[in-house]
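> Quick one, fold the following:
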Amino acid sequence: MRRLAVLLAVLATLATAATAEANQLVRYSVGGGLAGLRGRLAVDRDGSARQTGDRAGDDHRFTLSAKQLRALRRDLKRARFSTLKRTYQPEYVVNDGIGQGVTYKGRSVSVYTGATSPARLQRLLRRLARLMR
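Below is the predicted model of the structure:
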């Protein structure tokens, strides 16, 4: 009986995680720099967003306006994720550079300071960075 209860609890947790993942539109993370701080942003399909980070006050929830959500979806589509490389790194390491990562439809792309990446990806990264408050 006890094993059954544990199994049901595990299954409930997995179902909740799968539902949250299915509702997620995009995930963005940024980290590095001189202070080595990290920040993360997750935006759901309905425009609700969660931001977390290393600094005090970074953790909060907010909702994108309809205009912001439309623009984000447009830039995600225009980025053409299936044609992007998984990683864009510079030829030489940039000390105190930052790394940005974005995950959309199960595909993740990372860009590091000094790397050359497509303009369509740069536009998306700028939009995501502006959404972080």
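
> distance of residue 54 from residue 68?
24 Å (Cβ to Cβ, to the nearest Å). Glycine gets a C-beta too; all of them are placed from N, C-alpha and C.

> do residue 126 as well
From residue 126 to residue 68 the distance is 13 Å (Cβ to Cβ).

> quick one, which of these two is more surrounded?
Counted by other Cβ atoms under 10 Å, residue 126 and residue 68 do not tie: residue 68 has more neighbours, with 16 against 12.

> Please identify which helix or strand holds the more buried one.
Per DSSP states H and E, residue 68 falls inside helix 66-78.

> what's the spacing between that helix and its chain's center?
How far helix 66-78 lies from its chain's middle: 14 Å, per Cα atoms, centre = their mean, to the nearest Å.

> So in that sheet, which strands flank the helix or strand following it, and in what orientation?
For helix 66-78, the following helix or strand on the C-terminal side (DSSP H and E) is strand 87-88. Next to strand 87-88 in the sheet, as set by DSSP bridges, lie strand 107-112 (parallel).

> Give the buried residues for the partner strand.
109-112 (16 or more other Cβ atoms under 10 Å).

> which other residues reach that strand?
Contacts to strand 107-112, defined as Cβ atoms under 8 Å, 6 or more residues apart in numbering, come from residues 81-82, 84-90, 94, 97-103, 117, 121-122, 125.

> Among those, name the buried ones.
Judged by 16+ other Cβ under 10 Å, buried ones among those: 81, 84, 88-89, 98-103, 117, 121, 125.

> export the residues you listed to JSON lines and tack on distance to residue 27 and pLDDT?
Shown next, in JSON lines, are these (distance: Cβ to Cβ, whole Å; pLDDT from 0 to 100):
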{"residue": "81", "distance to residue 27": "13", "pLDDT": "94"}
{"residue": "84", "distance to residue 27": "15", "pLDDT": "97"}
{"residue": "88", "distance to residue 27": "17", "pLDDT": "96"}
{"residue": "89", "distance to residue 27": "20", "pLDDT": "94"}
{"residue": "98", "distance to residue 27": "17", "pLDDT": "91"}
{"residue": "99", "distance to residue 27": "14", "pLDDT": "94"}
{"residue": "100", "distance to residue 27": "11", "pLDDT": "96"}
{"residue": "101", "distance to residue 27": "8", "pLDDT": "97"}
{"residue": "102", "distance to residue 27": "7", "pLDDT": "98"}
{"residue": "103", "distance to residue 27": "4", "pLDDT": "97"}
{"residue": "117", "distance to residue 27": "18", "pLDDT": "96"}
{"residue": "121", "distance to residue 27": "15", "pLDDT": "97"}
{"residue": "125", "distance to residue 27": "13", "pLDDT": "97"}
